[in-house]
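J.: Kindly return the folded structure for what I paste below:
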Amino acid sequence: MRWFKKWFKRSEEEPQKETVEETQKESKKVANKYHVSQNKDEQSPNYKAWRVRKEGSDKTIQYFKTQKEAVDFAHTLAQRHHASVVIHKVDGSIRKQKY
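T.: Numbers count the residues shown, from 1 in each chain. Presented below is the predicted three-dimensional model:
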């Protein structure tokens with residue numbers, strides 16, 4: 001009987017695990033965004049090429065010669081991952097958000 005009391009007491013102290021619904025709600029709170037901007041790094045072989053990046057990442061997913069190609073690619077990624085696209089102008093300011 002002692003082992004049962006110890007086990008029961010230990011299980012009461014453990015935090016409740018999240019349900020699947022709570023986990024899905026939290027994942028929806030963090031909306032992924034893909035940014036389309038021009039590469040300004042003069043040392044890069046892709047200087048002045050248009051790039052697609054995921055928000056919060058330093059890595060470029062892919063480079064493109066034109067902004068339109070980059071926007072089309074980012075839009076495809078955004079649809080696949082239920083995200084949005086932020087398009088930047090050449091100077092870096094935001095041209096269009098929630099695309």
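J.: hey, where'd the strands end up in this structure?
T.: Here the chain has its strands, by DSSP state E, at 33-38, 50-54, 60-64, 84-88, 94-96.
J.: So for the shortest one, mean pLDDT?
T.: Per-residue pLDDT over strand 94-96 has a mean of 91.
J.: Next: the second one.
T.: When pLDDT is averaged over strand 50-54, the result is 97.
J.: same deal with the first one?
T.: Computed over strand 33-38, the mean pLDDT rounds to 96.
J.: what does stretch 72-91 give?
T.: Here the average pLDDT along stretch 72-91 is 96.
J.: how about it: buried residues?
T.: 73, 74, 75, 77, 78, 83, 84, 85, 86, 87, 88 (16 or more other C-beta atoms under 10 Å). Just so you know, the C-beta spots here come from the backbone N, C-alpha and C atoms, and that holds for glycine as well.
J.: I'd like the strands of the chain as a markdown table, with distance to residue 44 appended.
T.: Output for the strands of the chain, formatted as a markdown table (distance: least, C-beta to C-beta, whole Å):
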| stretch | distance to residue 44 |
| --- | --- |
| strand 33-38 | 11 |
| strand 50-54 | 10 |
| strand 60-64 | 9 |
| strand 84-88 | 17 |
| strand 94-96 | 22 |
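J.: mind saving the C-alpha coords of the lengthiest helix in the chain as PDB?
T.: For the chain, the helix with the greatest residue count under DSSP state H is helix 67-80. C-alpha atoms of helix 67-80 as PDB (Å, rounded to 0.1, in the frame of the first residue of the first chain):
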ATOM      1  CA  GLN A  67      11.500  40.400 -57.500                       C
ATOM      2  CA  LYS A  68       8.500  38.800 -59.200                       C
ATOM      3  CA  GLU A  69      10.100  35.300 -59.200                       C
ATOM      4  CA  ALA A  70      11.000  35.700 -55.500                       C
ATOM      5  CA  VAL A  71       7.400  36.800 -54.600                       C
ATOM      6  CA  ASP A  72       5.900  33.900 -56.500                       C
ATOM      7  CA  PHE A  73       8.200  31.400 -54.800                       C
ATOM      8  CA  ALA A  74       7.500  33.000 -51.300                       C
ATOM      9  CA  HIS A  75       3.800  32.900 -52.000                       C
ATOM     10  CA  THR A  76       4.000  29.200 -52.800                       C
ATOM     11  CA  LEU A  77       5.900  28.500 -49.600                       C
ATOM     12  CA  ALA A  78       3.500  30.600 -47.600                       C
ATOM     13  CA  GLN A  79       0.500  28.700 -48.900                       C
ATOM     14  CA  ARG A  80       2.100  25.400 -48.100                       C
END
